[in-house]
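> What follows is a predicted protein model with its sequence.
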Amino acid sequence: MDARALPFLGLGLSSNLDPAVEPDPWALHAAEPGLLDLVEYSAPLSLEVAEREAGLFGTLMASRERLPVLFHPVHLNLAGPELEPAGRLAALEAHARAVGSPWVGNDVAWWHVRGQALPGYLYVPPPFSEAGLEVAAAHALHVASALSVPLALENPVVVRREGPLHVLDFMARLHARTGCPLVLDVGHLVAAQLAAGLSLETGLDGFPFEAVIEVHVAGAVITRTPEGRSVYLDDHGQPLRSEVLSLLAEVLPRCRALRALVFEGDGHPAG
């Protein structure tokens, strides 16, 4: 698909739809309408569950004409031993259509076992190998076939290298196999470079940046193991790292078909 055929959305802020978690994108938009152009939110696949359990879902629905939204599901398997069942995919499609999400983006990873979230609400990325590529492609094609909007594939965060492929090679080949557009999470890319002991810019040349429709940035902590290895820990409540901003400056001009740039700042202090 031509990514430029998708609507241009602009600058976004993320939300998990919890009223107790700062910042509230809709309150910010009401106070300063020019501050953001969209909200990317995480919520259960089921529209009924989201309406019942996500405190800001009513605000989202009432405001979506003036503040468009992107659905970033919770616990959608794009890796792992089992494909999503038909019922969950029908719920995903109904949810995306109800909110008018022009695409659905999700990290390429194993998120749940038969609807039960993995411990700690973490996920398991596929190995960056031929076998991992086969599994991820099967998942992506399966999910994409159930959607009336594009499925955008996001590079997952990693804390150690698994498999011989560079993450950007893995994502490029996954895009080629599936035709799905890409979400480039800059912090996740920093994590992969650190895990592999590579410079931040490794692998950029030759990557299909024309397939990237969305870019994410978020806060993080970078710590060191007892062996002296740097490890990137995703934490949306933390400030943006200089490593992320530096790499963002490298990749952003290459994303010529970019439709949205999202700051995943849920849990970030308002000050």
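Looks like it came in fine.
> any idea which element residue 101 lies in?
Under the criterion of DSSP states H and E, residue 101 resides outside all helices and strands.
> in the sheet, who's paired with the residue nearest to it when sequence neighbours are not counted?
Leaving aside its chain neighbours, residue 101 sits nearest to residue 71 (4.1 Å; criterion: Cβ to Cβ, 6 or more residues apart in numbering). (Glycine included, C-beta is placed from N, CA and C.) When bridges are taken as DSSP bridges, the partners of residue 71 come out as residue 41, residue 104.
> so residue 71 touches residue 97, yeah?
No - using Cβ atoms under 8 Å, residue 71 is not in contact with residue 97, being 9.9 Å away.
> neighbour count winner among these two?
Comparing residue 71 with residue 97 by neighbour count (other Cβ atoms under 10 Å), the higher total belongs to residue 71, at 27 against 14.
> pLDDT at the closest residue in space to residue 174 that isn't next to it in sequence, what is it?
Distances taken as Cβ to Cβ, 6+ apart put residue 136 closest to residue 174, at 5.6 Å, once the chain neighbours are dropped. We note a pLDDT of 98 for residue 136 in this prediction.
> so how far is residue 5 from residue 136?
Using Cβ to Cβ, to the nearest Å, one obtains 24 Å as the distance from residue 136 to residue 5.
> ok, residue 78 - contacts?
Residues in contact with residue 78, defined by Cβ atoms under 8 Å, 6 or more residues apart in numbering, are 106, 107, 108, 109, 110, 111, 136, 139, 140, 143, 153.
> Shouldn't it be within a strand?
No - secondary structure of residue 78 (DSSP: H, G, I helix; E, B strand; the rest coil): coil, not part of a strand.
> Lovely, talk soon.
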